[in-house]
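Student: quick one: sequence and predicted model below, then my questions.
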Amino acid sequence: MSSTISVRHGDASADLESGATAIQALKALEAVRGQIVAARVDGQEWDLDREVPDGAQVEGIAADSDEGRAILRHSTAHVMAQAVTDLFPNAKWAIGPPIEDGFYYDFDVERPFTAEDLDKIEARMVELLREKQRFVREEVARDDALTEFADQPYKTQIIELVGDGTIASAVDAPDAPEVTDGNVTFTVYRNVRPDQTVAWSDLCRGPHVPSTDRIPAFKLLRSAGAYWRGQEDQPMLQRIYGTAWESKKALTKHLEMIEEAKKRDHRKLGRDLELVHFPDELGPGLSIFLPNGAIVRKQMEDWIRDETLRRGYQPVYTPHIAKEDLWRISGHLENYGELMYPGMELEDGGGAAYRLKPMNCPFHILAFTSRTRSYRELPVRISELGTVYRYERSGVVNGMLRARGFTQDDSHIFCRPDQVVDEVADCVEFARDLYRAFGLGDPSRVAISTRPAKSIAGHDDKWEAAEAALIEAVQKTGLEYEIDPGEGAFYGPKIDIHARDAIGREWQLTTVQVDFNLPERFDVTYVGDDGAKHRPYMVHRALFGSIERFFSVMVESFNGAFPTWLAPVQAVVIPVADEFDGYADEVAAALRANDVRVEVDVADDTLGAKIRRGQTSKVPYALIVGASEREARTVAIRPYRGDQRKDVPLDEFVTEIDAEIRERRTDLDLP
RNA sequence: GCCGAGGUAGCUCAGUUCGGUAGAGCGCCCGCCUUGUAAGCGGAUGGUCAGGGGUUCGAAUCCCCUCCUCGGCUCCA
């Protein structure tokens, strides 16, 4: 062992005494930039106080990077577990990984945590941060780990499961020990007080921040039940969610974002703006589009109907129910029976029960097979705004984002194998146009999901070909994409497209899926140029995904203030006194003549109150009219967004708003 | 389905600890005012306290069951 080592950072290098730590290396290399929480040594995440090997390439991990925050949050989770242990000595620890925007830790405790418990735990954590405990990494032998955590059954399980290879993925145990080339390195992190006593130890892969006072800002958010290892047959643990940030300012910003999201909740705005209604009388997961919401929905439906026609789709209409036999043929009863509403027994049905449809596919297949099809007419694109009903489990229903009754802009494309790439690429382009039209910008993420472990037998060659086709199709569109291995449906691979809303949240909307299963089950064929029957490819696609869901995303993204072309009421005319009601009606009539949705506010209220009403109901334009406006046939415009304008000729405003609506402008300056 | 928290007027919520005649603000409706850019004044209406059962002289309040909502877990063809 040499007495000096050499370390590098990019092209720079430095010599250090053997045993030097990552932070010493970074300092020697003058590579410390801003606040750093850990290092990257030869590509691997590394504790700052851990020795670096000779010849190592060393970089700092910034506290305000995604990677740095994850480390910070992971460390905060440890501090939380220590605090929980202090307050609940019998608590057993499961896992405590960082997640997007925060962290959690699961505990097995005698009773669930209360809100007061969280306050106490948080207060205890603050004390622990002040203690400046160091995080000290120690490699331990498997048997020593088992001995040390003998009274921690979940840790013991992790050690055993990792040992026999059961836990391999981050999903199973995000902070499980590292496995390299089949060799497991078990590491324990000890929280050491300044007086060198050990406050707490946890089995953990690391790395961590150097000490607890390096956690600048955190907050515990909520507790909830969670199954051990995410499996329903495993014990229910109590999970505490928290968040941690590189600065108080960043934490405050995050908490404000959470508040903002709450304010924008489509269930709240849906009620306030009278868009939608969820009456108890209907049952869970079922909703009513009120007149205001129905206008927005109609714009969505009109757009998609026009565009599908333009792009060569053939609209069909199909019933909401069908005999159980249909669902037996399709395999839905067998595979998804639990997610279907129970059958309707009919007195004169000859024993046949009927079922509400959970999907439109079988109907579209029957539309296709209504006569013999030639290869010449492919691709055939059957399309429908199809309302489906799924008996979702009671705990998962959420407003219009996860409903039991919803409408898909559903299409099934039957095509030849050589047409799949073009068809799928067109679907992706179509989705992109749709997001643009409705103000959501470009897709934020395109994910291609490949064959899962549990998939239909055979078809190996088809899977390969279809996965390749999906990738080629997305490449054709020029969009970036990622592969989600094993996340495909059992009957075929799929593409999921996500969009980002105005406050940065990502939503899965569009899905494009290849289906090998149903064409077989229904024996779907076309006649090829050889006169023989061939099996077509079937592509299932829903661009909005669900109308209700997309609608909700728009409500939340626009904060209820829709672009003018979508707004339920596009302009409200406000007379300053009732002697100007007549002119107000004239203004409204001029707008109505151009198909503008306009109302006149003739209530016995002051001007201020009427303007306030216009603003709170988020109408794009308030038009104030009084003596001078009547005289000059103008309006004073107070837009929901932007600056006020006075003495605008009525004709000019009509032309402006008409153009804005016709062009479906969405280039709003969103707040 | 599982864990937890909830359900009082159209909305937001108080009242529940410790059982004793169901409240406020906003909205809606009606009047007065005749208004110049985010809340004028007055009045009226509005509740099977989620539903059912129990304890009690008496239940929004205590107990049990059911339904529904919310936050998570699981699930999302």
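Tutor: Looks like it arrived, so ask away.
Student: which residues does the closest residue to A:Pro575 other than its chain neighbours contact?
Tutor: Among residues not flanking A:Pro575 along the chain, A:Ala584 sits closest, at 4.2 Å (CB to CB, 6 or more residues apart in numbering). For the C-beta atoms, the positions are set from N, CA and C on the backbone; glycine is no exception. Neighbouring residues of A:Ala584 by CB atoms under 8 Å, 6 or more residues apart in numbering: A:Val573, A:Ile574, A:Pro575, A:Val600, A:Val602, A:Val625.
Student: wait, isn't A:Met217 in contact with A:Ala250?
Tutor: Actually, residue A:217 is Ala rather than Met. Yes: under the criterion of CB atoms under 8 Å, A:Ala217 makes contact with A:Ala250 at 6.8 Å.
Student: follow-up on the earlier one: quick check on the residue nearest to A:Pro575: phi, psi?
Tutor: Backbone torsions for A:Ala584, taken as degrees, to the nearest 10, come to phi -60, psi -40.
Student: what distance do you get for it to A:Gly386?
Tutor: Distance, A:Ala584 to A:Gly386, using CB to CB, to the nearest Å: 43 Å.
Student: so what's the residue count around A:Lys253?
Tutor: 11 (other CB atoms under 10 Å).
Student: report all helices and strands that the host helix or strand of it contacts.
Tutor: Using DSSP states H and E, A:Lys253 sits in helix A:248-264. Applying 3 or more CB pairs under 8 Å, 6 or more residues apart in numbering; DSSP states H and E, we find helix A:248-264 packed against strand A:217-227, strand A:236-245, helix A:547-557.
Student: okay, the angle between the shortest one and strand A:217-227?
Tutor: This points to strand A:236-245. Interaxial angle, strand A:236-245 versus strand A:217-227 (axes from the mean of the first three to the mean of the last three CA atoms, to 10 degrees): 160 degrees.
Student: do strand A:236-245 and RNA strand B come into contact?
Tutor: Yes: applying CB under 7 Å from any atom of the strand, one finds strand A:236-245 touching RNA strand B at A:Met236, A:Gln238, A:Arg239, A:Tyr241.
Student: list the neighbouring strands of that strand plus their orientation.
Tutor: Each strand paired with strand A:236-245, and its direction, by DSSP bridges: strand A:102-108 (antiparallel), strand A:217-227 (antiparallel).
Student: right, so of the ones you listed, which gets closest to RNA strand B?
Tutor: Closest approach to RNA strand B among the strands paired with strand A:236-245 (CB to the nearest atom of the strand): strand A:217-227, 2.7 Å.
Student: give me the contact list for that closest one.
Tutor: Residues outside strand A:217-227 that contact it (CB under 8 Å, 6+ apart) are A:76, A:80, A:102, A:104, A:106, A:112-113, A:117-118, A:121-122, A:125, A:234-248, A:250-251, A:255.
Student: which parts of the top helix by length along chain A are buried?
Tutor: Longest helix in chain A, counting residues (DSSP state H): helix A:66-87. Of all the residues in helix A:66-87, those buried under the rule 16 or more other CB atoms under 10 Å are A:68-86.
Student: from the chain's centroid, how far away is that helix?
Tutor: With CA atoms, centre = their mean, to the nearest Å as the basis, helix A:66-87 stands 25 Å off its chain's centre.
Student: same for that helix, what does it pack against?
Tutor: Counting contacts by 3+ CB pairs under 8 Å, 6+ apart, helix A:66-87 packs against strand A:36-41, strand A:58-62, strand A:98-99, strand A:102-108, helix A:115-130, strand A:183-192, strand A:198-203, strand A:236-245.
Student: can I get those in a markdown table including mean neighbour count, mean pLDDT and distance to A:Asn559?
Tutor: Output for the helices and strands packed on helix A:66-87, formatted as a markdown table (neighbours: other CB atoms under 10 Å; pLDDT from 0 to 100; distance: least, CB to CB, whole Å):
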| stretch | mean neighbour count | mean pLDDT | distance to A:Asn559 |
| --- | --- | --- | --- |
| strand A:36-41 | 24 | 93 | 35 |
| strand A:58-62 | 22 | 93 | 32 |
| strand A:98-99 | 18 | 93 | 26 |
| strand A:102-108 | 24 | 95 | 24 |
| helix A:115-130 | 16 | 93 | 29 |
| strand A:183-192 | 18 | 87 | 43 |
| strand A:198-203 | 19 | 93 | 42 |
| strand A:236-245 | 22 | 94 | 23 |
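Student: now the residue lying closest to A:Arg402 once chain neighbours are set aside: how far from A:Glu334?
Tutor: Sequence neighbours aside, A:Val396 is the residue nearest to A:Arg402 in space, at 5.6 Å (criterion: CB to CB, 6+ apart). Distance, A:Val396 to A:Glu334, using CB to CB: 22 Å.
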